[in-house]
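> Kindly return the folded structure for what I paste below:
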Amino acid sequence: MHDSVDWILIGKVVAGEATEAERQQLETWLTAHPEQRPMMERLRRFWLTPAAHTAGTDLDIAGAYQRLQQRIALEHTPNEVPVRLLWSRPRMTWLAAAASVALVAGFWSWNQLKPTPELTVVEQTNNKGTRSQIRLTDGSVVWLNADSHLWYPKSFRGDLREVTLEGEAFFQVTHDPAHPFVVRLKTGSVRVLGTSFNIRAYPGDSTVETSVVTGRVAFIPAAETVSRPAGVPAQPAPDTPDTLFLKPNSKAIQSLTRQNMQVQPTVAVNQIAWTESKLVFRNTPMGEVAKTLERWYGTPVTLERESLRQCPLTATFQNQSLREVMSLIAMTNRFAYELTPTQVTIKGSGCDGR
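Numbers count the residues shown, from 1 in each chain. Predicted structure coming up:
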């Protein structure tokens, strides 16, 4: 990449279809053009929203394909293996991303990059250490956890009520059989008619978890969409063979490392305890505990030794400071800690003690 914008490369990176070399190439270009980073971040977020795919279907994607395909041969590198997201999509996905963002950029300015008046999408962003409650226009309520993003329309239109989640949220969905409620994720989608459920889908985590409190939930993994048009996100189709139907006190666990899914019984109230300012750990590995504490309090939490990562912790905390939580964890005589104004370090020799 030189001074001009390379939509092929950006499309691959946005769609998760780029090789390591291509991602590094884009990073080098962004380093040389730091003023373009805000644009790139807006495109990444835009690609996760329902509006991106709505825009893609409204615009002349087919025409963009023809123009962009002339450059594909120049980009072809047969010796490189692309780094793909779980459940690889058709090869045209990144091309759809390139076409979509390029066309969108032609219709919207970089400084705006917002949907047309027909579909105004609101983005709620919670930083680490913050939580919020959102009431949607259909009466549904969403509790958004720390370090999470939710994209939702200012008003629902059409046959589906669609939102997009990155992070964790608890949904209480207003019953409306005529308009199913769909939560889109990077790795699939969740479809309900009216129920309450929790989704934990943080970038970088090894699993995506969907827990049901009331009603019935259908989880559709992205693998179900292999025949869909390129660039169109996972479609809510609960009658597909691998769709998981969940009942109250059950949890779907989608492993992003083992590339499988399973359903387990769970205590649903523990999964949503965070909405009442509770932190509930039940044989939770310390590696996961550290991530949760960092997101909850907004303070970096690290483990001194890798051997501590799988050590289990069972505890419940409510409305307590980070120092109080760490002191209680230390009382187990298995862990010690060092707390500074800028970070927490959990210490110990291993799971059997200090």
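> Walking through the stretch 201-350 of the chain, point out its strands one by one.
Here the stretch 201-350 of the chain has its strands, by DSSP state E, counting those that start in this stretch, at 207-214, 217-221, 244-246, 250-255, 260-265, 278-285, 301-303, 312-318, 336-339, 344-347.
> Paired strands for the last one, with orientation please.
Which is strand 344-347. Here strand 344-347 is paired, per DSSP bridges, with strand 301-303 (parallel), strand 336-339 (antiparallel).
> repeat for the third one
Sheet partners assigned to strand 244-246 using DSSP bridges are listed as strand 217-221 (antiparallel).
> Taking strand 207-214 as reference, get the angle to the strand it pairs with.
160 degrees (axes from the mean of the first three to the mean of the last three C-alpha atoms, to 10 degrees).
> tell me the secondary structure for K128?
Three-state assignment for K128 (DSSP: H, G, I helix; E, B strand; the rest coil): coil.
> Tell me the spacing between it and A315.
Noted for K128: a distance of 21 Å to A315, by C-beta to C-beta, to the nearest Å. C-betas here are computed from N, CA, C, even on glycine.
> CSV for the strands of the stretch 201-350 of the chain, including mean neighbour count?
CSV is the format used below for the strands of the stretch 201-350 of the chain (neighbours: other C-beta atoms under 10 Å):
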stretch, mean neighbour count
strand 207-214, 21
strand 217-221, 25
strand 244-246, 18
strand 250-255, 20
strand 260-265, 12
strand 278-285, 15
strand 301-303, 17
strand 312-318, 14
strand 336-339, 15
strand 344-347, 19
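> Tell me which of these sits nearest to T28.
Closest of the strands of the stretch 201-350 of the chain to T28 is strand 301-303, at 29.2 Å (criterion: C-beta to C-beta).
> For the closest one, give me every contacting residue.
With contacts defined as C-beta atoms under 8 Å, 6 or more residues apart in numbering, strand 301-303 is touched by M286, G287, A290, K291, L293, E294, R309, Q343, V344, T345, I346.
> For the first one, report the pLDDT, please.
Reading off the confidence values, M286 has pLDDT 93.
> can I assume T28 sits in a helix?
Yes - T28: assigned to a helix according to three-state DSSP.
> Number of residues surrounding it?
Each residue near T28 was counted by other C-beta atoms under 10 Å, and the total is 11.
> Please apply the same query to the one 3 residues further on.
Taking other C-beta under 10 Å as the criterion, the count of residues near T31 is 9.
> So it, which state does it fall into?
Applying three-state DSSP: T31 is helix.
> domain assignment for the chain?
Per automatic domain parsing, the structural domains of the chain span 7-107, 121-271, 277-347.
> model confidence over the longest one, on average?
For domain 121-271, mean pLDDT rounds to 86.
> Distance across that domain, terminal residue to terminal residue?
Using C-alpha to C-alpha, to the nearest Å, the end-to-end distance of domain 121-271 comes to 28 Å.
> Against L26, how distant is the closest residue to S148 other than its chain neighbours?
Excluding the flanking residues, the one nearest S148 by C-beta to C-beta, 6 or more residues apart in numbering is G167, at 2.5 Å. Distance, G167 to L26, using C-beta to C-beta: 24 Å.
> F219 too?
32 Å.
> quick one: the helices in the stretch 151-300 of the chain?
Per DSSP state H, counting those that start in this stretch, the stretch 151-300 of the chain carries helices over the ranges 268-271, 286-297.
> buried sites along the first one?
Burial within helix 268-271, assessed by neighbour count using 16 or more other C-beta atoms under 10 Å, is assigned to A268, Q271.
> name the helices or strands packed onto it?
Judged by 3 or more C-beta pairs under 8 Å, 6 or more residues apart in numbering; DSSP states H and E, helix 268-271 is in contact with strand 207-214.
> Sheet-wise, list the partners of the strand it packs on with their directions.
strand 196-201 (antiparallel), strand 250-255 (antiparallel).
> can you list the ones you listed in CSV and add distance to Q320?
CSV is the format used below for these (distance: least, C-beta to C-beta, whole Å):
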stretch, distance to Q320
strand 196-201, 22
strand 250-255, 26
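> nearest to M40, of these?
strand 196-201 (22.0 Å).
> Can you show me the CA trace of that closest one as CSV?
Provided in CSV are the C-alpha atoms of strand 196-201 (Å, rounded to 0.1, in the frame of the first residue of the first chain):
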residue,chain,number,x,y,z
SER,A,196,-34.4,-13.7,28.9
PHE,A,197,-30.9,-14.9,28.3
ASN,A,198,-27.2,-14.0,28.8
ILE,A,199,-24.5,-13.9,26.1
ARG,A,200,-20.8,-13.8,26.8
ALA,A,201,-18.9,-13.2,23.6
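> Just want the angle from it to helix 286-297.
110 degrees.
> what does strand 196-201 rub up against?
Contacts of strand 196-201 (C-beta under 8 Å, 6+ apart): 165-173, 183, 185-187, 190, 207-215, 217, 246, 268, 271-272.
> repeat for stretch 141-148
By C-beta under 8 Å, 6+ apart, stretch 141-148 touches 124-136, 150, 152, 163, 165-172, 202, 272, 274-275, 295-296, 298.
> Noted, bye for now.
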